[in-house]
Every structure is written in structure tokens, then in C-alpha cells.
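Enquirer: only geometry, no sequence info:
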């Protein structure tokens, strides 16, 4: 039947680095098939994707991914730990994925696994240092980094200073904690750094590409940085340079914040009481989400963590949803030549497989609740664009992508 490798992605948008990762993943794992779990219309930074999920699925499929699955918004907009847990458990729920391959700055799996095991079995020393650092007002990522440095040494400290290493460690933690029967592989990240805002020779981070597009840059400049098929999707989508942004949802955020009882705010935001108070106070003084974030910022919470909290309040995503079991697998698209792989997925999956939203009336209650969150999030994404006169797409009438 052939080996199946899983990869966890956002493709926001798909660029040359992603093509390299895809090719190396096949070679590293010996896989005949690749299934990608991809964020939907909102991504892990707590913001709307640069283009909608169907166009990003089209990019992936045109560049060689065999099936694209949607990571439900509850996990797609969570912290690195929640994002990784949801994605890995979704791959496991397919019951056909044998391995997962991710990029990392380390490019070597052993130390990443050692740190992951350490975090899954925290020592008293580790817990004490973490608690001490948090008490100083340090953000959780910084406090955890300090605790790892103190208990594992300088080599581990260097590893956790890099974002893809951190996410890779979270993938490994999820595999260990949930006893998933998936073999993990990593390949060394090449080219532009994750957070780089500059273009290198033939490479650029997704962040640099997004910055170029959002600043009105010439899309032709991106052609050397993206596969041709991916670039065509981007240019067709953004011929008029209409870009979604978090500020497009400012009115929805204020409305949601007004409706949520103060005592229930933590259930949506996951923020501490003091940070909730800062956020509410900032919202009383400012309308645009970007201004609210700037006014509410604190050294105890990273900007991205606060941005995620605002988005989850806006979309009405309860914090506890990330701990739920994977309720379904939704296929966003597949390559026609891999129809047999799709049939194999249908037959083997441990949860319902959705290829058409019109055929979801008999879903279990927990799956229905999660799917409704997804449908509402997609509608919100298009409402954000509708303010800029972009026609709204109806999620229930949009077919999966087949190429």
C-alpha cells in the first residue's frame, strides 16, 4: 500500500523552502505518499492567513502534496503546544500515516527528543525554576527556556533559542504524551531564517513574503522565491492586492468582548486575570485590534500570545477545546492520481472523514460542535474581506480542491 509521511504546515504561502521540505521528507522517510495537515483560514500567529485555505491547499497539491487535511481552528490558533498536539493527533487518527517529518534548525532528532522527554517528565528542580521565573513577570516561553537552560545546560539552551526547534520539540512531546505510533524525522532548515524579513538567493521566509505582499510590493519579485504553480495561485488571488488583516475584525472583537461575562473571559482567552483586565481596559480606549494589542502589551505575555487570545475571543473558541479528542478529519483537497489513497484514508481512519460538508448531518455531537466552530471561523474570514468589497464564499457550497 506504500508508506505515508505526514507533514504539519500552514503554507502561508507555499514557497521554495516548503518545496525543499516536501522533497526531503519523502526521501528521509522513504514515503510513497505525503499527507499535509494545514491550518485553515486563521493561523497560529493569531491572524488571518494571507489567502484562503482552499487556495493554499491548491498551492500544496500543485507542488506535490497528495492530500491536504484541515487542522481545526481550535488547534490552528493555539499555542505551539496546542497546535502540535492537535496536528500530531490528527495525523494519528488517519491510521495510515507512518511518520512525520518536520524542519528544524538543529537538523538532528536526538537532542530534540531528549528535551521533549525532559518536558514530559518535569523534575522538581525544573518546576521550581519555572515557577520562580514566572513570579518575576517573565513570559512562559522565556521562563521555560530559563528552566531548560538551568537543568539541561548550554547545548539545550542554544537549541530552544530557535523557533522551528521549539515547534519540533512540541511535536515530539505530543507523540510521547499521547503514545502515538508515528516515527518522527527532522531535516535541517535551509535558506532564510524563520523570522527573517529579507529575501536571500532563491529563498525567503513566509513572513518576508507576507510582508512584501502586504506592503504593496511587486508580486513579480516573488517569482524566484516560490514554485511557479504556487506563485500563479497567489497572483491570481491578489491581482487587486486585497489583503485580510486582524484589524478587519475589530468590530467583531469588541462585540464578542461585550457579550462575554467577565468571569468567563479566561475560558476563551487563556489569559491571567491581570492580563484580562489590561486587555479590557485597552479595548475601552481603542477600537482597532492593533491599537488594543499595543496598549495591552506586557512583558509577561508575548505579542503573538496576546494576539492569539484576541482572535480566540473574537471567534468564540473555548480554551479547553484543545484538550478534546480529534473529532473528525476534513479533507480540503487531493491529487486525482491519489484517489486510492483517499479511499484508504476513509477505510482506516478512527474518526469520521469529511469530504463534503453537506454530508455531515449525522456527526457525533462533539464533532458537530467543532465543525460549527470551523464554519463560523471561515465565515468570519470572508466577512473581514467583505469590508473591502471581496465577494463572500459560502463554506457549505465550496467543493474540495482536486487537481
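Expert: Alright, I've got the coordinates. These figures come from a predicted structure and were not determined experimentally. Numbers count the residues shown, from 1 in each chain.
Enquirer: please count neighbours and contacts with C-alpha atoms only from this point.
Expert: Will do.
Enquirer: can you show me the helices along the stretch 151-300 of the chain?
Expert: Here the stretch 151-300 of the chain has its helices, by DSSP state H, counting those that start in this stretch, at 154-159, 163-177, 206-214, 228-237, 250-259, 265-269, 273-285, 289-296.
Enquirer: who are the packing partners of the first one?
Expert: So the one you mean is helix 154-159. Judged by 3 or more C-alpha pairs under 8 Å, 6 or more residues apart in numbering; DSSP states H and E, helix 154-159 is in contact with helix 109-120, helix 140-152.
Enquirer: between the ones you listed, which one is closest to residue 310.
Expert: Ranking the helices and strands packed on helix 154-159 by proximity to residue 310 (C-alpha to C-alpha) places helix 140-152 first, at 17.8 Å.
Enquirer: how near is residue 262 to residue 148?
Expert: 35 Å (C-alpha to C-alpha, to the nearest Å).
Enquirer: what sits against the closest residue to residue 387 other than its chain neighbours?
Expert: In this structure, residue 387 finds its nearest non-sequential neighbour in residue 248, 7.5 Å apart by C-alpha to C-alpha, 6 or more residues apart in numbering. Going by C-alpha atoms under 8 Å, 6 or more residues apart in numbering, residue 248 touches 384, 385, 387.
Enquirer: worst average pLDDT in the helices and strands packed on helix 154-159?
Expert: Per-stretch mean pLDDT for the helices and strands packed on helix 154-159 is lowest at helix 140-152 (a mean of 91).
Enquirer: pull out the buried positions in it.
Expert: Buried positions in helix 140-152, judged by neighbour count with 16 or more other C-alpha atoms under 10 Å: 140, 141, 142, 143, 144, 145, 146, 147, 148, 149, 150.
Enquirer: next: stretch 295-304.
Expert: 295, 296, 297, 298, 300, 301, 302, 303.
Enquirer: pretty sure the third one sits against residue 303.
Expert: What it means is residue 297. Yes - proximity of residue 297 to residue 303 meets the contact threshold set by C-alpha atoms under 8 Å, at 6.6 Å.
Enquirer: could you chop this structure up by domain?
Expert: 4-105+186-243+325-402, 246-321 (automatic domain parsing).
Enquirer: show the average pLDDT along stretch 55-68.
Expert: 98.
Enquirer: swap in stretch 310-317?
Expert: 96.
Enquirer: contact partners of it?
Expert: Identification of contacts with stretch 310-317 by C-alpha under 8 Å, 6+ apart yields 46-47, 74, 77, 249, 252-254, 256-257, 265, 268-269, 318, 373, 376-377, 380.
Enquirer: could you look up the SS state of residue 45?
Expert: coil (DSSP: H, G, I helix; E, B strand; the rest coil).
Enquirer: now do the same end-to-end measure for stretch 92-110.
Expert: 22 Å.
Enquirer: gap between residue 274 and residue 266?
Expert: 11 Å.
Enquirer: residue 87 too?
Expert: Relative to residue 266, and taking C-alpha to C-alpha, residue 87 is found at 24 Å.
Enquirer: go on, residue 219?
Expert: Taking C-alpha to C-alpha, one finds residue 219 at 41 Å from residue 266.
Enquirer: who's more crowded, the two?
Expert: residue 266 (19 against 16; other C-alpha atoms under 10 Å).
Enquirer: quick one, what contacts that one?
Expert: 272, 273, 276, 319.
Enquirer: show the buried residues in the residues you listed.
Expert: Of these, these count as buried by 16+ other C-alpha under 10 Å: 276, 319.
Enquirer: okay, strands next: where are they in the stretch 251-400 of the chain?
Expert: Assigned by DSSP state E, counting those that start in this stretch, the stretch 251-400 of the chain shows strands spanning 329-334, 353-354.
Enquirer: alright, I will stop here.
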